[in-house]
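>>> no sequence on hand, only this structure:
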């Protein structure tokens, strides 16, 4: 399979089980402050998409489904430059697919 064919398929997950997608977006850390809140955008990589995509904004079902169903990409298909930036800033490690 080519890297360009890899996708999370948020729209399919939502169609099959909106409850599952909702559960996947919940913050499951041990923090009692965030347990009932969705995970958030941890980088500004999507900031040019406008409100709701800024660093710290919570990721909603609406922000990643419908016309936005291809927003989230696996790390393996992100650009080499973005991978290097995230490695420097967030200490992320990219394993070849």
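Yes, it's here. Remember, predicted model here, so these are calculated numbers, not experimental data. Numbers count the residues shown, from 1 in each chain.

>>> can you give me the helices for the protein?
10-16, 18-25, 61-64, 80-90 (DSSP state H).

>>> least confident of those helices, on average?
The minimum mean pLDDT among the helices of the chain belongs to helix 80-90 (a mean of 61).

>>> how much space between the closest residue to residue 20 other than its chain neighbours and residue 61?
Nearest non-adjacent residue to residue 20, counting by CB to CB, 6 or more residues apart in numbering: residue 13, 6.1 Å away. Quick note: C-beta positions are derived from backbone N, CA and C, even for glycine. The gap separating residue 13 from residue 61 is 10 Å, by CB to CB, to the nearest Å.

>>> okay, and the common contacts of those two?
Common neighbours of residue 13 and residue 61 are listed as residue 21 (criterion: CB atoms under 8 Å, 6 or more residues apart in numbering).

>>> isn't residue 55 right up against residue 45?
No - proximity of residue 55 to residue 45 does not meet the contact threshold set by CB atoms under 8 Å, at 9.0 Å.

>>> and these two? Which one has more around it.
Relative neighbour count places residue 45 above the other of residue 55 and residue 45, with 16 against 12, counting by other CB atoms under 10 Å.

>>> how close does the more buried one get to residue 73?
Distance from residue 45 to residue 73, by CB to CB: 10 Å.

>>> what touches both of these two?
With CB under 8 Å, 6+ apart, residue 45 and residue 73 have no common neighbours.
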